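Visitor: Using only what follows, build the 3D model:
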Amino acid sequence: MYLKELTELSGVSGYEKRVREFIKDKIKDRVSHIEEDVLGNLIARKEGKTDKRIMLCAHMDEVGFIVSNIEDDGKLCIMPLGGIDPKVVVGKRVTVGEKEIPGVIGYKAIHLQRGDVYTPPKMDEIRVDIGVTKKSDAEGKVRIGDFVAFSVESMVHGDWFSGKALDNRGGCSILIDIINNNIELYYDTYFVFSVQEELGLRGAGISAEKINPDFSIVVETTTSGDNPEFSSYRRSTELGKGPAITFAHSGYVIDERLFKWIIDTAKEHNIPYQIKRRTAGGTDARRIATTLAGIPSAVISIPARYIHSPMSVLNLEDYNNTLGLISILLTKEVQL
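Guide: Here you go, the predicted model:
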């Protein structure tokens, strides 16, 4: 399990280099082939008993920001990379650019807000403060186009793990574990660590075109919704109840044969699982499924609270059960 190491790396959409290099170092001696494509996807292959191909996909990128302007007082204007609620970012520590210049996301203090106390900030109203007072000083440290990532130290507390970027470093960690566990694979298995998922599923389709798999499983970290303020019917998934199996999400209905195969396998091996009950959001499965002449695709996810924010929480038993379920699936044949 590499949750701590992966979540503490900066890797916003389009700037996944640190994550890619870490993963490559962990798996390069455990696979028969490894390569990086032009867009930045990392593709690794392990041979199976048959020449039929499965593509396992987990995206490396996290939501974050990009510097869009440097103001006269040295503060940085930023634009979001991926879906981020401005309410959850104010006062958070960040790093900027390859040099990881430390900064803080700022907004006017509550004492100065008067009538708009309860109005959340808009993204174009917040700034990153890197501790300078002049534009020239800021330009000596950062530039327009630099990425901005949350800076958070992960924590383990009992059965819970909290950290940034669990969407989708959780899925990346699962794929690394599978590679390193030397499972007796049934299919020729391609492990894809994709880029720019948060910007519109950019990378996965490129990899799918190259690999041309017989089918695909996307490994994700997904919304839980078991917050106290939510009624039970609004809870997409819940922590501690096992991996989440998706039946449909934005833009794609999961292949019925794969959906049944996954559930039947979980039941056969007494692995707890849950059906993801809400269909908002999407995954790389949507892009993979509509690539080439069509690729049957499924999604298995680790539930997590507070994704797309500076700190998310998952249950480690859910992680282990997700790993266990996918590991078993990779030893079995599915009829397509």
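Visitor: Can you tell me the element Phe193 falls in?
Guide: Phe193 is located in strand 188-194, with elements delineated by DSSP states H and E.
Visitor: Repeat that for Val313.
Guide: Val313 is part of strand 312-315 when elements are defined by DSSP H and E.
Visitor: would you list every one of the strands in the stretch 201-336 of the chain?
Guide: Under the criterion DSSP state E, counting those that start in this stretch, strands of the stretch 201-336 of the chain are mapped to 215-223, 244-245, 248-249, 252-253, 274-275, 297-305, 312-315.
Visitor: Give the other helices and strands that the last one contacts.
Guide: It stands for strand 312-315. For strand 312-315, the packing partners by 3 or more CB pairs under 8 Å, 6 or more residues apart in numbering; DSSP states H and E come out as strand 160-163, helix 166-180, strand 297-305. (C-beta placed from N, C-alpha, C; glycine too.)
Visitor: What is the end-to-end distance of stretch 239-250?
Guide: Terminal residues of stretch 239-250 lie 22 Å apart, using CA to CA, to the nearest Å.
Visitor: for that stretch, what is the average pLDDT?
Guide: For stretch 239-250, the mean pLDDT works out to 89.
Visitor: can you pull the buried residues of it?
Guide: Within stretch 239-250, the residues that count as buried by 16 or more other CB atoms under 10 Å are 239-246, 249.
Visitor: For Ile211, state which of these is nearest.
Guide: Thr246 (21.3 Å; CB to CB).
Visitor: Next up, the contacts around Ser216.
Guide: 54-57, 208, 285, 288-289, 295-298 (CB atoms under 8 Å, 6 or more residues apart in numbering).
Visitor: Could you please name the strands the lowest-mean-pLDDT helix or strand in the chain pairs with and the direction of each pair?
Guide: When each helix and strand of the chain is scored by mean pLDDT, DSSP states H and E, strand 248-249 comes last, with a mean of 83. Strands that pair with strand 248-249, judged by DSSP bridges, come out as strand 252-253 (antiparallel).
Visitor: that older thread, Serialize the contacts of Ser216 to CSV and add fields for neighbour count, distance to Ile328 and pLDDT.
Guide: As requested, the contacts of Ser216 are exported to CSV (neighbours: other CB atoms under 10 Å; distance: CB to CB, whole Å; pLDDT from 0 to 100):
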residue, neighbour count, distance to Ile328, pLDDT
Ile54, 22, 13, 97
Met55, 27, 18, 96
Leu56, 26, 14, 97
Cys57, 33, 18, 95
Ala208, 26, 24, 95
Ala285, 27, 20, 85
Ile288, 30, 22, 93
Ala289, 22, 23, 90
Ile295, 23, 22, 94
Pro296, 19, 19, 94
Ser297, 28, 19, 94
Ala298, 25, 14, 93
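Visitor: Low-confidence ranges, the stretch 101-250 of the chain, go.
Guide: Applying pLDDT under 70 to the stretch 101-250 of the chain flags the ranges 108-118, 226-234.
Visitor: Let me know which of the strands of the stretch 201-336 of the chain is the nearest to Val148.
Guide: Of the strands of the stretch 201-336 of the chain, nearest to Val148 by CB to CB is strand 312-315, at 18.1 Å.
Visitor: average pLDDT for the closest one?
Guide: 94.
Visitor: residues in contact with it?
Guide: Contact with strand 312-315 is made by 159-167, 170, 221, 239-240, 302-306, as judged by CB under 8 Å, 6+ apart.
Visitor: Just give me how far that strand sits from the chain centre.
Guide: Its chain's C-alpha centre lies 13 Å from the corresponding centre of strand 312-315 when counted by CA atoms, centre = their mean, to the nearest Å.
Visitor: just stretch 126-136 next, same as before
Guide: Centre-to-centre, stretch 126-136 and its host chain are 30 Å apart (CA atoms, centre = their mean).
Visitor: ok, now stretch 240-253?
Guide: The chain centre lies 15 Å from the centre of stretch 240-253; the measure is CA atoms, centre = their mean.
Visitor: Next, the angle helix 166-180 makes with the strand holding Phe193.
Guide: Counting by axes from the mean of the first three to the mean of the last three CA atoms, to 10 degrees, strand 188-194 lies at 150 degrees to helix 166-180.
Visitor: who does strand 188-194 pair up with?
Guide: Strand pairing for strand 188-194, using DSSP bridges, gives strand 42-46 (antiparallel), strand 53-59 (parallel).
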